[in-house]
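Enquirer: sequence and predicted structure are below.
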Amino acid sequence: MADKIATRQAYGEFLVEKGKTAGNLIVMDADLSKSTMTAGFAKAFPDRFFNMGIAEQNLYGVAAGLAVSGKTVCASTFAMFATGRAFEIIRNSIGYTHANVKICATHAGITVGEDGASHQTFEDIALMRTIPGMTVLNPSDAHSAKRLLDLAVDADGPFYIRLGRATVPLLYDADAALAVGKGCCLREGRDYAILATGVMVHEALQAAETLAGEGLSVRVIDMHTIKPLDGLIVEQAARETKGLVTAEEHSVIGGLFGAVAEYAAAHCPVRIVPVGQQDAYGESGKPDELLKKYGMSADAVANAVRRLAG
Amino acid sequence: MFTDFKKTEAAAKAIRTEIIKQLYRAGSGHPGGSLSAADIAAVLYFGEMRIDSKDPSRPDRDKFVLSKGHAAPLLYATLAEKGYFPKEELYKLRKLGALLQGHPNIKIPGVEMSTGSLGQGFSAAVGMALAARMDGGGRVYVLLGDGELEEGLVWEAAMSAAHYKLDNLCAVVDWNGLQIDGRNEDVMTVAPIGEKFTSFGFHVISIDGHSLPAIAGAFEEARTHKGCPTVIVAKTVKGKGVSFMENEAGWHGKAPNEEEAKKALAELGGAL
């Protein structure tokens, strides 16, 4: 079995490495540096790390001030508090100024697990994607996370990068060629296509394997970028297969399903079955148990494809 | 410290005149809190700050953030008076396609931060002061309203400014006592302001916000006070300089009509 590494772990390692060459990089946190994994950077580059305490609004407000002064800032806390509590600061001080702030938010989705509903955000992608000029990334493994983080830090403007707490298997080689805004087809298929993002890419690949045993040829695409959406890859999937499934560890309202459905409705009408958190809060439990209970397991994805197949 | 206040006094008068002219033409906006801080802006831009409108992005410049962003006419009048953009722009304030937006936008020459949502400018100023300290930049000044102090973010920002010992940061509170719905103490009590900032770790200076020597002296004291940020609590009169606007909450967010504008300008020694 392949190594399992959390994307937040990859983030921590990336920062320490990037800090060596990117002298302009500032890292900030809100008293969660051991959980978000910014602690390694804090130790290696103490002069370029600012802990803002338990004050997420000020975390992003100060990040904006550093960024408009010419710094590149990675500012981290849990996804719930970054996008929920600080939304309007991100919108007005970071989005409106197109500031070079990378909102690297960890512990997203239901795989937060035992902390329960107050910490399980299913709204973050929806919130961030409505901000003009905000790029929204949701990597599925440690290698793609490092690559996408590198591209984000070198790019101009605000980014939202969704990172997870749970460990996940590696899908990509360390030197895999990835580009922001370009989905990756990880498995070819002619009958149906699953557009998956983050943790759900793993579930989608398992589902496709199961369905192959039932004679169904299912394409799996890693939509690591939610915004700007890779319309071309959606359109190809819509035209070349008989239907789409979206799979995300996020509300079925406003996230990947929303983005794909909006695009498809305008450009390539197609039936799409969403897999994601229904309009409900989560609860405490182990990540795998929660994915199962709330309909975001490989089984749930396979069932969604079976629904399309009738 | 400069001692000849003739230039500053003239600037304050010109700023007040342009505030009225802008708002009359815009048909909406905030005169009360713009007029109350005109003397503070005049001292900052015509004495205290090291800035050059010909080289607005020089790295070691001092920076000003208008955290009470609704006083945009004050900032715009000051910047135009200082030569950052032509005065004609002032009279297109709030019009479709104009340079000057209803609240400050960072794309406007001389504007250091987009503001308007209260509390956020103070937070950004803390970030700018951190960056300036790292890079050998200038000082950072931020103007807050008294009603603005009701925002929780203000106190998160204050806590962090003191924690990081930002003695290159100077906040000014325009304490005119009024906010949209009435007097501070009737809407939400913000007093005691100085004591709050003292307990948050600030050096506090209380002054008459319409005395030019007092304002200049406070900035001088702030510049030389090391080890912590300074806040200047400036007691002001909302609508200062226009008799019928003074101390009237109703003039927080209402533009003068032609008759009112003419009357106001007559008091200020200007004309439409």
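Expert: Nice, I can see it.
Enquirer: for chain A, list the residues in contact with chain B, please.
Expert: For chain A, the contact set with chain B under CB under 8 Å from any CB of the partner chain comprises A:47, A:50, A:52-53, A:55, A:57-58, A:61-71, A:88-89, A:92-93, A:96-97. From N, CA and C alone the C-beta is placed, and that goes for glycine too.
Enquirer: sort out for me which of those residues are in helices.
Expert: Applying DSSP state H to the residues of chain A next to chain B, the entries found in helices are A:57, A:58, A:61, A:62, A:63, A:64, A:65, A:66, A:67, A:68, A:88, A:89.
Enquirer: hmm, which of these are the buried ones?
Expert: Buried members of those, counted by 16 or more other CB atoms under 10 Å in any protein chain shown: A:57, A:58, A:61, A:62, A:63, A:64, A:65, A:66, A:67, A:68, A:89.
Enquirer: and those, which two are furthest apart?
Expert: By the measure CB to CB, A:57 and A:68 form the most distant pair in these, at 17.1 Å.
Enquirer: excluding chain neighbours, what is closest to residue A:33?
Expert: residue A:39 (4.2 Å; CB to CB, 6 or more residues apart in numbering or on different chains).
Enquirer: next one: phi and psi at the closest residue to residue A:271 other than its chain neighbours?
Expert: Sequence neighbours aside, residue A:243 is the residue nearest to residue A:271 in space, at 4.6 Å (criterion: CB to CB, 6+ apart). Main-chain torsions, residue A:243, degrees, to the nearest 10: phi 170, psi 160.
Enquirer: show me what contacts residue A:243?
Expert: A:192, A:193, A:270, A:271, A:272, A:273, A:308 (CB atoms under 8 Å, 6 or more residues apart in numbering or on different chains).
Enquirer: can you tell me which of the residues you listed end up in helices?
Expert: Judged by DSSP H, these include residue A:308 as members of helices.
Enquirer: in TSV, list the buried ones among the ones in helices among the residues of chain A next to chain B along with pLDDT.
Expert: Shown next, in TSV, are those (pLDDT from 0 to 100):
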residue	pLDDT
A:57	98
A:58	98
A:61	98
A:62	98
A:63	99
A:64	98
A:65	98
A:66	98
A:67	98
A:68	98
A:89	98
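Enquirer: so can I have a markdown table of the residues you listed showing distance to residue A:291?
Expert: Formatted as a markdown table, these follow (distance: CB to CB, whole Å):
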| residue | distance to residue A:291 |
| --- | --- |
| A:57 | 31 |
| A:58 | 34 |
| A:61 | 35 |
| A:62 | 36 |
| A:63 | 32 |
| A:64 | 35 |
| A:65 | 39 |
| A:66 | 37 |
| A:67 | 36 |
| A:68 | 40 |
| A:89 | 32 |
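Enquirer: now do the same for the most centrally placed residue in chain B: helix, strand or coil?
Expert: For chain B, the residue nearest the mean C-alpha position is residue B:143 (4.4 Å; CA atoms, centre = their mean). Put simply, residue B:143 is strand when judged by DSSP: H, G, I helix; E, B strand; the rest coil.
Enquirer: shaky segments in the stretch 101-250 of chain A?
Expert: Flagging of the stretch 101-250 of chain A using pLDDT under 70 yields an empty set of residue ranges.
Enquirer: what about the residue of it found nearest chain B, neighbour count?
Expert: For the stretch 101-250 of chain A and chain B, the shortest gap (CB to the nearest CB) falls at residue A:101, measuring 9.7 Å. By the measure other CB atoms under 10 Å in any protein chain shown, the count of residues near residue A:101 is 30.
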